[in-house]
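[1] Quick check, what structure comes out for this input:
(2 chains)
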Amino acid sequence: ETGVTQTPRHLVMGMTNKKSLKCEQHLGHNAMYWYKQSAKKPLELMFVYSLEERVENNSVPSRFSPECPNSSHLFLHLHTLQPEDSALYLCASSQEVQRGADTQYFGPGTRLTVL
Amino acid sequence: GESVGLHLPTLSVQEGDNSIINCAYSNSASDYFIWYKQESGKGPQFIIDIRSNMDKRQGQRVTVLLNKTVKHLSLQIAATQPGDSAVYFCAENRRYSTLTFGKGTMLLVSP
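    From the prediction side, this is the model:
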């Protein structure tokens, strides 16, 4: 609907597993973002990419590893996660990463459960 | 500290009523504000935005008001419908496009 797709929509994994989340945007945007949404907490920005270059990393544990091979695709590689990492992971894109009005468009999210 | 927050966690209204959702922000340097709607099982959806050089902006059935004096933002939904039931977030743009979100307000519309 928004031009941002995410797969898988649901993921259950054990703490020793390695998995990846995928995001694709069809809007021709140059910036992409990963957010974490936990119950009863505001959206937390994790990573920001501009033209495939990481421009912000908000003190995210190294068990989360982003990858942006091109401006349309964004991955989040997951490794040795903890149960408290269970959350909805949202991808977003915007035209540019710049100060000022630049609306972000969100994908539907991946509901992650870590057992 | 700097924050973007919502006054009411849940707002219950009757279908056809007008709804008002409030948001407070603390950073006077913020120059762009957005309201998002998030339905169950979906990502946040852009509703309406406003720049700091404006105090009011209208969309289809929605109006955003910005009071910079008291650092307050509100979203008004006219003739609320059951399909408007969702969580509503305000977001503040401080630098680049790094949005800071409030916790959200749940709007419940009963027929």
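[2] OK, contacts around whatever residue of chain A ends up closest to chain B?
    Chain B sits closest to A:F106 of chain A, with a gap of 3.6 Å, by CB to the nearest CB. From N, CA and C alone the C-beta is placed, and that goes for glycine too. Neighbouring residues of A:F106 by CB atoms under 8 Å, 6 or more residues apart in numbering or on different chains: A:2, A:4, A:35, A:90-92, B:36, B:43-45.
[3] among these, which are in strands?
    Among the contacts of A:F106, the ones falling in strands (DSSP state E) are A:4, A:35, A:90-92, B:36, B:45.
[4] hey, what's the residue of chain A closest to chain B bridged with?
    A:A92 (DSSP bridges).
[5] which parts of chain A sit against chain B?
    A:1-2, A:4, A:6, A:31, A:33, A:40-43, A:45, A:48, A:55-56, A:90, A:92, A:94, A:96-109 (CB under 8 Å from any CB of the partner chain).
[6] Only the buried subset of those residues, as a ChimeraX command please.
    Entered in ChimeraX, the line below selects the buried ones among these, by 16 or more other CB atoms under 10 Å in any protein chain shown:
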select /A:2,4,6,31,33,42,43,45,48,56,90,92,94,97,101,102,103,104,105,106,107,108,109
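[7] Filter the residues of chain A next to chain B down to just the ones in strands.
    A:4, A:6, A:31, A:33, A:45, A:48, A:55-56, A:90, A:92, A:94, A:105-106.
[8] Report the buried residues of the helix or strand hosting B:F33.
    For B:F33, the host element (DSSP states H and E) is strand B:32-38. If you call a residue buried by 16+ other CB under 10 Å, then strand B:32-38 has these buried ones: B:32-38.
[9] which stretches of chain A aren't confidently modelled?
    Scanning chain A for pLDDT under 70 picks out A:1, A:40, A:98-101.
[10] center of it - which residue?
    Note on chain A: the residue nearest the mean C-alpha position is A:W34, at 2.6 Å, using CA atoms, centre = their mean.
[11] Against chain A, how distant is B:T69?
    According to CB to the nearest CB, to the nearest Å, B:T69 and chain A sit 21 Å apart.
[12] go on, B:P82?
    19 Å.
[13] The residue of chain B found nearest chain A: what's its closest spatial neighbour, skipping adjacent residues?
    Across chain B, the shortest distance to chain A (CB to the nearest CB) belongs to B:G43, at 3.6 Å. Nearest residue to B:G43, sequence neighbours excluded (CB to CB, 6 or more residues apart in numbering or on different chains): A:F106, at 3.6 Å.
[14] That's all I had, so thanks and see you.
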